[in-house]
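Asks: Fold the following.
(chains A and B)
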2 protein chains.
Amino acid sequence: MRETWHVNAAQDPVDENDRLHRLYGVGFEELQVPNPERRLFLSLERQVDLLELERLTTAVGWRPRPIRRVRRALCHSLLVVGVWCHDPLLPRLVGFARCIGDGVINATVWDVVIHPAYQGVGLGHGLMAFVVKQLQVMGVEQITLFADPGVIRFYQNQGWEVEPNNQRCCFWYAC
Amino acid sequence: MRETWHVNAAQDPVDENDRLHRLYGVGFEELQVPNPERRLFLSLERQVDLLELERLTTAVGWRPRPIRRVRRALCHSLLVVGVWCHDPLLPRLVGFARCIGDGVINATVWDVVIHPAYQGVGLGHGLMAFVVKQLQVMGVEQITLFADPGVIRFYQNQGWEVEPNNQRCCFWYAC
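Replies: Predicted structure coming up:
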């Protein structure tokens, strides 16, 4: 009897939406992907496991960072977005981005990453569109990011301006 | 009798330090300037009057921004630094900078300004050195800023790297 109730509930779109809310929190969005058997979700609220995030960033070749520092950095970020490959019990983190900023005038996007196995199907584009939309809803005036040469065109195609007004970026690394 | 007490107090370095603390808060620093009759202080804690800040930014030709938004942006900044021309009753704001960031991995410096009447005596250099030191004390790994072409050399002379690793900056403006 209990089994039957579960099967019925899975077919009910209201219950399905409840379940997605429980997994991904308020304001989640589904990304459209070519493979109909995979569902991908953007979430602002689902907590990112830091070891899973490290596995993701290691998969794209970034050097590991101390977990304790990453935890603090995420706590003090303006926005933390996960891209999740849907699983009703344990979604898998396959993409990530975060922003620092004052939430009003300036925000800077950092740590944009999509797992190599999930690249090439528009997830990066969907992730960035979601990030920009969230910052615009906050009312942030100017969003900036630093891009490696290989991804300049990716951002330009989405409407980002490269070095407008001949501004240049400068970096200072703590030693 | 009371007058005499005041004169004595002014000559006491302990009382003088107390007075400066009351004006500029914890961690203030004095900037060395050529004119011995002027004293300039860097402060993290002295509250910046937003109309005075607007007068300062207008003096260097920046377009005005809504006071309400500037107030919120300052509230959510990681660091707000004022450069004050000392007056025992009412110090005058002659320089300013602020940072956004997570306080751990990334910080970006914005709104660096020195009043034109106070430029050319090293205040900008002193202000930036103070900002970098504060962020380093926090343990921030990477400090970034966007510089107009005319001030690239100013930052390079202080040890900033311009576009390291061929990174480029991209901007998105809310419309």
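Asks: After the worst-scoring helix or strand of chain A on mean pLDDT, heading C-terminal, what element do we hit next?
Replies: None of the helices or strands of chain A scores lower by mean pLDDT, DSSP states H and E than helix A:2-11, at a mean of 46. Going down the chain from helix A:2-11, the next helix or strand is helix A:13-24, by DSSP states H and E.
Asks: to the chain's geometric centre, what's the distance from that following helix?
Replies: Put simply, helix A:13-24 sits 20 Å off its chain's centre (CA atoms, centre = their mean, to the nearest Å).
Asks: What residues sit buried inside that helix?
Replies: Applying a neighbour-count criterion of 16 or more other CB atoms under 10 Å in any protein chain shown, one finds A:20, A:23, A:24 buried in helix A:13-24. C-beta coordinates here come from the backbone N, C-alpha and C atoms, glycine included.
Asks: How are the helices of chain A distributed by residue range?
Replies: Along chain A, counting by DSSP state H, helices occupy A:2-11, A:13-24, A:50-59, A:67-75, A:123-138, A:152-156.
Asks: hmm, back to that, CSV please, covering the buried residues of helix A:13-24 and showing distance to chain B and pLDDT.
Replies: Below are these laid out as CSV (distance: CB to the nearest CB, whole Å; pLDDT from 0 to 100):
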residue, distance to chain B, pLDDT
A:20, 29, 95
A:23, 26, 96
A:24, 23, 97
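Asks: which regions of chain A sit below the pLDDT cut-off?
Replies: Within chain A, the set of residues satisfying pLDDT under 70 comprises A:1-11, A:165-166, A:173-175.
Asks: One more pass at 80, please.
Replies: Chain A contains residues with pLDDT under 80 at A:1-14, A:149, A:164-175.
Asks: Stretch A:25-39 spans what distance, first to last residue?
Replies: 16 Å (CA to CA, to the nearest Å).
Asks: roughly how far apart are the closest residue to residue A:51 other than its chain neighbours and residue A:15?
Replies: Closest residue to residue A:51 in three dimensions, ignoring its sequence neighbours and counting by CB to CB, 6 or more residues apart in numbering or on different chains: residue A:67, at 7.3 Å. Here the criterion is CB to CB, to the nearest Å. By it, residue A:67 lies 36 Å from residue A:15.
Asks: Could you pull up the residues touching residue A:28?
Replies: Contacts for residue A:28 (CB atoms under 8 Å, 6 or more residues apart in numbering or on different chains) come out as A:20, A:21, A:41, A:42, A:43, A:44, A:45, A:46.
Asks: scratch that, residue A:110
Replies: A:97, A:98, A:99, A:100, A:145, B:105, B:106.
Asks: for residue A:105, same thing?
Replies: A:140, A:141, A:142, B:65, B:69, B:70, B:73, B:110.
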